[in-house]
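>>> Show me the folded form of this:
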Amino acid sequence: MTAMHDSPPDAHVPTHLRLVPSEGDRSENYDRSENPDPAEDVDPAERTSARNGSSAAQAGPVSGEEFRRALAVHAAGVVVVTARPEGVPVGLTATSFSSVSLEPPLVSFYVAQSSTTWPALRRADHFAVNVLAGDQAEVAARFAKKDIDRFAHPTRWSGGPQDAPLLHDVSAHLICRPHHTVEVGDHILVVGLVTSTTVSSAGRPLLYHKGRFGRFLPY
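As a prediction, this is how the structure comes out:
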């Protein structure tokens with residue numbers, strides 16, 4: 001988060017979180033393997049040196065499989081980014097959404113350079129970030145699939161400010177103007193300047209964890 005505030009002394013602060021799987025929570029575009037490759041033999045002295053940090057400078061990057069397996073344990077929020085360049089609605093699911101700055105109000109998400117949606121999305125003057133609610137796993141999966149009309153039935157949406165498509169029943173909408181893009185590895189970092197927001201409910205969010213969508217429940 002961009003900013004955090006101390007809770008009042010008498011506020012109840014949950015100390016544990018639960019992730020409850022949602023129905024239809026798997027998406028082939030978000031499938032991440034949890035089975036690591038067989039580890040290569042490593043000299044015991046090198047393992048000790050690595051633990052002490054003395055060989056960190058010489059260490060190469062981890063494999064893609066190892067990287068995905070480590071990231072899979074991180075629970076991320078789920079949004080659908082939508083826009084309507086030249087009157088045609090486009091959208092994609094993102095689990096990399098994050099706040100960037102309070103002054104000015106900036107948010108960001110990453111999109112793969114191989115994305116077939118990005119060429120159209122980048123032409124939009126504005127885009128909307130639809131923060132999905134805990135019961136919208138099917139929406140997240142639909143906007144992650146290829147070769148389908150993501151805005152066709154049963155998707156429910158309507159036009160919003162700056163002609164940005166707004167999905168119904170989400171927790172919040174953020175209307176953004178493109179601010180900056182940067183190529184980072186095999187992805188593109190997209191930064192947006194937030195021009196308006198609406199919060200429709202204080203409902204629980206949809207999360208993505210270990211290749212599955214789930215609902216957040218405090219306890």
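>>> ok, so what distance separates the residue most central in space within the chain from residue 191?
By C-alpha atoms, centre = their mean, the chain has its centre lying nearest to residue 95, at 1.4 Å. Per C-beta to C-beta, to the nearest Å, residue 95 is found 17 Å from residue 191. All C-beta spots, glycine's among them, are computed from the backbone N, C-alpha and C.
>>> do the same with residue 108
On the measure of C-beta to C-beta, residue 108 and residue 191 end up 5 Å apart.
>>> Next, show the common contact partners of those two.
Listed as contacting both residue 108 and residue 191 by C-beta atoms under 8 Å, 6 or more residues apart in numbering are residue 100.
>>> Pick out whichever of the two has more residues nearby.
Legend: neighbour count by other C-beta atoms under 10 Å for residue 108 and residue 191, higher for residue 108 (21 against 17).
>>> need the contact list for the residue nearest to the centre of the chain.
Contact partners of residue 95, counting by C-beta under 8 Å, 6+ apart, are 30, 76-79, 208.
>>> mind listing the strands for this structure?
For the chain, the strands defined by DSSP state E occupy 17-21, 76-77, 79-83, 90-94, 98-101, 106-112, 127-131, 157-159, 165-167, 172-184, 187-199, 206-209, 212-218.
>>> low-scoring stretches of this structure, by residue?
The chain contains residues with pLDDT under 70 at 1-58, 202.
>>> rerun at 90
Within the chain, the stretches with pLDDT under 90 are 1-62, 64-65, 67-69, 71-75, 200-204, 211, 215-219.
>>> quick one, what contacts residue 150?
Counting by C-beta under 8 Å, 6+ apart, residue 150 has contacts 91, 142-143.
>>> For residue 79, see how far away residue 96 is.
Counting by C-beta to C-beta - residue 96 and residue 79 are separated by 9 Å.
>>> anything in contact with each of those two?
Joint contacts of residue 96 and residue 79 (C-beta under 8 Å, 6+ apart) are residue 109.
>>> Which of the two has more residues huddled nearby?
residue 79 (28 against 14).
>>> Pull the contacting residues for residue 206.
For residue 206, the contact set (C-beta under 8 Å, 6+ apart) comprises 22, 77-78, 132-137, 140, 213-215.
>>> cool, residue 107 as well?
Counted by C-beta under 8 Å, 6+ apart, residue 107 has contacts 97-100, 129, 174, 176, 191-192, 194.
>>> Which member of these is positioned nearest residue 163?
Set against residue 163, the nearest of the contacts of residue 107 by C-beta to C-beta is residue 176 (13.1 Å).
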